[in-house]
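>>> Model the structure of this input:
(2 chains)
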Protein chains: 2
Amino acid sequence: MTTSSDQQDSPASHDNDLQSALRRLSDTEQAARDRLFEFLKIESISTDPAYHHHCLEAAEWCAGQLRELGFESSVRPTEGKPMVVAHWRPEDGEAKPHVLFYGHYDVQPADPLEEWDTPPFEPRIAEHPTYGEVITARGASDDKGQVMTFIEACRAYIETSGSLPVAVTVLLEGEEESASPSLLPFLAETGDELKADIALVCDTNQWDGNTPAITAFLRGLAFSEVTITGPARDLHSGLYGGPVRNPIEVLCAMLGELHGPDGRITIPGFYDGVSEPSQEQRDEWNSLGFDEAGFLAEIGLVEAAGEDRYSLLEQLWARPTVEINGIYGGYTGVGTKTVIPSQATAKISFRLVPGQDPQQVITGFHQFIDQRLPRDARAHFTGEGGASAVGFDMASPEFQAAAQALQDEWDVPPVRLGCGASIPIVESFRNALGMDALLIGFALPDDRIHAPNEKYNLKSFVKGTRSWARILSAFANSPNEKTEDNKPANDA
Amino acid sequence: MTTSSDQQDSPASHDNDLQSALRRLSDTEQAARDRLFEFLKIESISTDPAYHHHCLEAAEWCAGQLRELGFESSVRPTEGKPMVVAHWRPEDGEAKPHVLFYGHYDVQPADPLEEWDTPPFEPRIAEHPTYGEVITARGASDDKGQVMTFIEACRAYIETSGSLPVAVTVLLEGEEESASPSLLPFLAETGDELKADIALVCDTNQWDGNTPAITAFLRGLAFSEVTITGPARDLHSGLYGGPVRNPIEVLCAMLGELHGPDGRITIPGFYDGVSEPSQEQRDEWNSLGFDEAGFLAEIGLVEAAGEDRYSLLEQLWARPTVEINGIYGGYTGVGTKTVIPSQATAKISFRLVPGQDPQQVITGFHQFIDQRLPRDARAHFTGEGGASAVGFDMASPEFQAAAQALQDEWDVPPVRLGCGASIPIVESFRNALGMDALLIGFALPDDRIHAPNEKYNLKSFVKGTRSWARILSAFANSPNEKTEDNKPANDA
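As a prediction, this is how the structure comes out:
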């Protein structure tokens, strides 16, 4: 990125500004916490229409926070919940790196309410046996606490230096917990205004309470639903059983062969193009001291049942999978019904790694089924789709700058995590805006997101605000080339 | 059976009485049809509480018909629908064979109503392309038309000879279409009163429109429900997929191995004690000219998929089976949910042949599952039970007498059918009353019972009434030894 000759933009000046911002964050911890609590009190459950006005209230609250700081801030209507869009523009003519920060103001429903120790929308500080002070409330971790780490970093900067070290656009969604139906249309419509050098997505985990992380691998997804049809109608198993091949058994026999005895998937061409993580990456993961037994014990298991040749973390983060997500056929009510059903259906999905093409995987699955179809059975496929895996460029200046900033704050380098799940916003930014993302978050796997007694570590919140201040500063100092294209549009 | 010295009981007198009854049946065909239509108009749907009073009306109607003929006839309350019990007792001191006739006055629901060509409870005569005149109405075939074949035979006898050639008890149930919950308690309570030399069950098929049948083999039934549990809770397939073994796939892999490539069942000990039909019986079936291709085509299939070494009829009537009647696990709604479920469940049932013990079959199934359980998967079995197969004694005097009577009426010998399904009433009479049954019915496989546009061939109805007249007469002439025990109790 080009740096202006203005003394204000020199690395030394950046560092002074950062130190001022960090001091400010220390001095105003209680006020930041109070603001987060205000946000947490808003019952912005997006999936339940009864809470629609609370979602609007949350959007207005966020827009107001940013407006108060000097952002050009607005609440934009969509077909569903509105988007909050806010710009911090550099002074005229200044060419600064430009980041798009993404988070969401909506939360999951809180039920079952009776399982909460304290009311979900009355945030409070609780004492946690492992982590010390934690904030408990619905949305504390997912994603209001995370959103506020960034906004508080901006506040501290602006309140001390009167400015931000980079150009910032904030995009806050209100439908992340209800499948984001308005996101892609909004990105398509608003694209140029939102396009930045890089997106910062704050909706992921740290490694542990003392170790930050950048999520660097996301598995992709492909899915298909297969229905096997045998006889033309449901039949009485007494009057037809024997000569009639049962489509449930046909389906079972096929799906029982998805994995070989070594855990490898037997679908033709499934591993074509699969790229493995580097040895360095594998070594890093192996050195993490990950507690495989503990991970498995928490879900009632003792054995990692994936491919023989890979560690549990590799099976999870870097290897593709096939799952039967659902199966049904015949009588599924209480008791007995002696039916030979006409059909049986399974919902299948695949987790993909870089190098795999979702469409090719689905084609291979069709072949797998077709090769095994006995006479008098037909297969029908429906509900298919997918998205490729994402492997971030860990050598990019932004990645390197963010990694250093996180190390400065936490005194240990960030773990480069894989994530077994896809994160649709990453794909959306890539496809709609041609923009890469950095996934940096301060949640923990045991934050009980989507569950009763959701919590967010107070330390994560505090050090999260400080981490973002450092990351913004690092971006300003980073040697990346700022492109004119990606300045925020002046006309929002 | 002993025959009294009274001239009225001589074979010649029996034959005169029979000829009078048969003439009467010919002369009163229209009146018999009108009575059946009255019965068919009563909407005696047992499974729907909204039709309870119609069921009571049907029971009273039947009891009234029998009372009008001189039966000692009553409607007996149960916890559910009442039973109709009616006795025709021989004159004092006469020792006659005693038969218990069983049928049911309740019917299946009629929906989907829009698929009926004419209203289900407005019986009428329709022209059928194969069979000529047929009676269309809900219950025409199952079982009101069949019940009335017997009652009309009794009527013709009584109206011409003033008596019946044998002692008759009629038992009509009102819950046959809703699993007969009151039957066993009622039999237990009323047993001695109902016990006869043999039960006549009229709820089965002829071979074809011109050929009568006696159902001589009934497969038994055993059933079990198996649930495979893997992880302790449902898991996100992105965050856990790979190292976690999916219980749906575990279940599928097991159930896919139930049959070997030759169609034989692979459960340990499954064929222990299986008795094969005699060569004579197999020859009879092979000589029937059964249209395998037509049978399969009607259900959309081209290939009999059972055990290689058996014909389709043998697979259906004389070989044991295993079926997956239902399967479910994971997400079964619309669209995609990337879950690894904690559990998957299948409902399994077995059709048994003589020599198989239901409990041993279930034990073998447990072994089959347990042998295939991988680490971290558990199996739980529930909902188990069963009943042995039944092979009737075709050499018994009653069987022989009935077979001859049917041949006299239809001019061809009855086919000795197998029935792939169990008929619970047979087991109930055996267990509760120690009484064998003869299964003689005049329905056809294409009567559309339980479906819209149920029909009963008018010819089957007319010749059914005549068949029963002949069978009652034949029993009176049969050389069986009447036991005093099985006279109807005088005190009902």
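>>> Spell out which residues of the stretch 351-492 of chain A are next to chain B.
Residues of the stretch 351-492 of chain A lying close to chain B by C-beta under 8 Å from any C-beta of the partner chain are A:R351, A:P374, A:R375, A:D376, A:G383, A:C419, A:G420, A:A421, A:S422. Glycine gets a C-beta too; all of them are placed from N, C-alpha and C.
>>> let's go with 7 Å and repeat that
A:R351, A:R375, A:D376, A:G383, A:G420, A:A421, A:S422 (C-beta under 7 Å from any C-beta of the partner chain).
>>> Just grab the bridge partners of A:Y328 for me.
Beta-bridge partners recorded for A:Y328 (DSSP bridges): A:T345, B:Y328.
>>> Repeat that for A:A437.
Counting by DSSP bridges, A:A437 is bridged to A:A199.
>>> Is there a neighbour count for A:D15? I'd like the number.
13 (other C-beta atoms under 10 Å in any protein chain shown).
>>> Excluding its own residues, what touches the host helix or strand of it? List them.
A:D15 belongs to helix A:11-27 when elements are defined using DSSP states H and E. Helix A:11-27 has contacts (C-beta atoms under 7 Å, 6 or more residues apart in numbering or on different chains) with A:7, A:152, A:156-157, A:159-161, A:165, A:465-466, A:469-470, A:473, A:476-477.
>>> I'd like to know which of the residues you listed are buried.
A:152, A:156-157, A:160-161, A:165, A:465-466, A:469-470, A:473, A:476-477 (16 or more other C-beta atoms under 10 Å in any protein chain shown).
>>> Pull the most distant pair out of those.
Maximum pairwise distance among the buried ones among the contacts of helix A:11-27 (C-beta to C-beta): 21.3 Å, between A:E152 and A:N477.
>>> how about A:G385, phi and psi?
Dihedral angles of A:G385 (phi, psi; degrees, to the nearest 10) stand at phi 180, psi -170.
>>> and the closest residue to it other than its chain neighbours, what does it touch?
Take A:G385 and drop its neighbours on the chain: the residue closest to it by C-beta to C-beta, 6 or more residues apart in numbering or on different chains is A:F223, 6.1 Å away. Going by C-beta under 7 Å, 6+ apart, A:F223 touches A:I348, A:S349, A:G383, A:E384, A:G385, A:G386, B:T336.
>>> Sort out which of these are buried, if you could.
Counted by 16+ other C-beta under 10 Å, the contacts of A:F223 give A:I348, A:S349, A:E384, A:G386, B:T336 as buried.
>>> Mind picking the one among those residues that's closest to A:D408?
Of these, the one sitting nearest to A:D408 (C-beta to C-beta) turns out to be A:G386, at 38.8 Å.
>>> Can you give me the distance of the closest one to chain B?
Separation of A:G386 from chain B (C-beta to the nearest C-beta, to the nearest Å): 10 Å.
>>> again with A:G335
According to C-beta to the nearest C-beta, A:G335 stands 7 Å off from chain B.
>>> quick one, phi/psi of that residue?
Dihedral pair for A:G335: phi 80, psi -150, per degrees, to the nearest 10.
>>> Near it, how many residues? Count them for me, please.
Using other C-beta under 10 Å: A:G335 sits among 10 other residues.
>>> give the contact list for A:G209.
The contact partners of A:G209, by C-beta under 7 Å, 6+ apart, come to A:Y131, A:L444, A:N457, A:K459.
>>> Out of these, flag the one nearest to chain B.
Among the contacts of A:G209, A:L444 lies closest to chain B (C-beta to the nearest C-beta), at 13.3 Å.
>>> what's around that closest one, how many residues?
Neighbours of A:L444 under the rule other C-beta under 10 Å: 21.
>>> and if you look at A:L100?
Using other C-beta under 10 Å, A:L100 has 25 other residues around it.
>>> isn't there a strand covering it?
Yes: counting by DSSP: H, G, I helix; E, B strand; the rest coil, one finds A:L100 located in a strand.
>>> residues touching it, list them.
Applying C-beta under 7 Å, 6+ apart to A:L100 gives the contacts A:T169, A:L171, A:L194, A:A196, A:A199, A:L200.
>>> Confidence-wise, which of the contacts of helix A:11-27 comes last?
In terms of pLDDT, A:Q7 ranks lowest among those, with 46.
>>> quick one on the thing from earlier: of the buried ones among the contacts of helix A:11-27, closest to chain B?
The nearest member of those to chain B, counting by C-beta to the nearest C-beta, is A:T465 at 26.7 Å.
>>> Which strand or helix spans the closest one?
Per DSSP H and E, A:T465 falls inside helix A:458-477.
>>> from the middle of its chain, how far away would the lowest-mean-pLDDT helix or strand in chain A be?
Every helix and strand in chain A was compared by mean pLDDT, DSSP states H and E; the lowest is strand A:390-391, with a mean of 85. On the basis of C-alpha atoms, centre = their mean, to the nearest Å, strand A:390-391 is displaced by 13 Å from the centre of the chain it belongs to.
>>> With stretch A:304-318 instead?
For stretch A:304-318 - counting by C-alpha atoms, centre = their mean - the centre lies 21 Å from the chain centre.
>>> Report the buried residues of it.
For stretch A:304-318, the neighbour count (16+ other C-beta under 10 Å) marks A:304-307, A:310-318 as buried.
>>> same question, stretch A:180-190
By neighbour count on 16+ other C-beta under 10 Å, the buried set for stretch A:180-190 is A:S180, A:S182, A:L183, A:F186, A:L187, A:T190.
>>> Thanks a lot, see you next time.
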